[in-house]
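Visitor: Okay, here's the prediction I keep looking at, along with the sequence it came from:
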Amino acid sequence: MDLLKVSNLSTSFFTDAGEVKAVRGISFFLNEGKSLGLVGESGCGKSVTALSLINLVPYPGRIIAGNIFYRGKDLLQLESKNMLDVRGKEIAMIFQEPLTAFNPVFSIGSQVQEAILTHQKVSKKEALNKASKLLEDVGISQEGVIENYPHQLSGGMRQRAMIAMALSCDPSLLIADEPTTALDVTIQAQVLELISEIQKKRNMSMILITHDLGIVADRVEYLAIMYCGKIVEYSLAKELISKPLHPYTSGLIDSIPDISRREKPLRTIKGAVPSLLNLPKGCSFCDRCFMVDSLCRLQEPQLRDIGAGHMVACHRV
Ligand SMILES: Nc1ncnc2c1ncn2[C@@H]1O[C@H](COP(=O)(O)OP(=O)(O)OP(=O)(O)O)[C@@H](O)[C@H]1O
Ligand SMILES: [Mg+2]
């Protein structure tokens, strides 16, 4: 069964300068135990999508259309108390900068313990045992870590502690928004590996958000490529990497540094992302596209299935 089914989700920010259409009618689904990578350049709407899923879009933003079904329940119709339950027990989120997610004046152990106490009916002692078990699961069971304060941990350890915190409610869906962007490359790989491992071991569903296609491509089962608030291509990850259909996806793949073919210069995608305040009439990628024709400038292409669940939004495919 679909764990998550998003249809036609649209979220805008109503600013003094006008309506910023951050998410423009996206649809996708995610089954139990499956993982999806949501990839796109900075500003394309990945974080706003994630915040929309848990109904936490900040002012002056608002979800203006669409449905989010979680185990068949429409999250957008839930009362805020029930939504709190979903956020606490079903869907957990981890962010880029874990320092802001922790309270600086409490130890890591007590914060994970507190998270457990909030969501589960257990004694303080049990919660503390669970907290140390979770910290062990994420690889920071060293002596003393449980008593450490957030600032005493390295970036990588802090991100591991944040993962422990997210797991404290035993979620069915984990949303990780650029969880490793702030880390060194080597630590980044370790933390991603940890997240993938935990996802598989717990049979959780996961949405892994990143601007770096290279780091998620072989860690998720499905990939969705976002551009200017829309999903422009969606398919099994292997298929999308080996047979990209959208010119933007091809551009992203060509710009992944590949040490083994060092002799080739890295290719970049020419041009800049248009403003979400003032999008072109047709395809939002048309000004950067090498395949553009007159239809592309007139009509925005819709995401369509071109076979075996490979979806693409491009007139020229
Ligand atoms: N509070 C806000 N007020 C106005 N516009 C906003 C606000 N938050 C986000 N936006 C706009 O929504 C768009 C999508 O932002 P979002 O944070 O989802 O991008 P992103 O894909 O997560 O980028 P990044 O890779 O940099 O994290 C951006 O163009 C941004 O300017
Ligand atoms: Mg973001």
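Guide: Thanks, I have it. Ligands and ions are numbered 1, 2, ... in the order given.

Visitor: Now the residue in the stretch 101-250 of the chain that ligand 1 sits nearest to. Its backbone dihedrals?
Guide: Residue of the stretch 101-250 of the chain nearest ligand 1, by C-beta to the nearest ligand atom: H211 (4.7 Å). Heads up, the C-betas are built off the backbone N, CA and C, glycines and all. Dihedral pair for H211: phi -90, psi 0, per degrees, to the nearest 10.

Visitor: tell me the pLDDT at it?
Guide: You'll see H211 listed with a pLDDT of 93.

Visitor: OK, contacts around it?
Guide: By C-beta atoms under 8 Å, 6 or more residues apart in numbering, the contact set of H211 is V39, G40, E41, S42, K46, E178, T181.

Visitor: likewise G37?
Guide: The contact partners of G37, taken as C-beta under 8 Å, 6+ apart, are 207-210, 213, 216-217, 219-220, 222-224, 237.

Visitor: Just give me the closest of the residues you listed to S10.
Guide: Ranked by distance to S10 (C-beta to C-beta), the contacts of G37 are led by A224 at 15.9 Å.

Visitor: Test my guess that that closest one contacts L36.
Guide: Yes. Contact criterion C-beta atoms under 8 Å: A224 and L36 qualify, at 6.2 Å.

Visitor: When those two are compared, which one has more neighbours?
Guide: In this view A224 and L36 are compared by other C-beta atoms under 10 Å, and A224 has more residues nearby, 27 against 24.

Visitor: other SSEs contacting the helix or strand harbouring the more buried one?
Guide: A224 belongs to strand 222-227 when elements are defined using DSSP states H and E. With contacts defined as 3 or more C-beta pairs under 8 Å, 6 or more residues apart in numbering; DSSP states H and E, strand 222-227 has these neighbours: strand 18-31, strand 35-39, helix 213-216, strand 230-236, helix 237-242, helix 247-254.

Visitor: Centre of the chain to that strand, how far?
Guide: Distance, stretch centre to chain centre, for strand 222-227: 10 Å (C-alpha atoms, centre = their mean, to the nearest Å).

Visitor: lowest average confidence, helix or strand, in this protein?
Guide: helix 80-89 (a mean of 86; mean pLDDT, DSSP states H and E).

Visitor: buried residues in it?
Guide: M83, V86, R87, G88 (16 or more other C-beta atoms under 10 Å).

Visitor: can you list the residues that contact stretch 174-184?
Guide: 46-47, 50, 53-54, 91-97, 155-156, 159, 162-163, 166-167, 187-188, 191-192, 195, 199, 204-212, 215.

Visitor: Among those residues, name the ones in strands.
Guide: Among the contacts of stretch 174-184, the members falling in strands (DSSP state E) are I91, A92, M93, I94, S205, M206, I207, L208, I209, T210.
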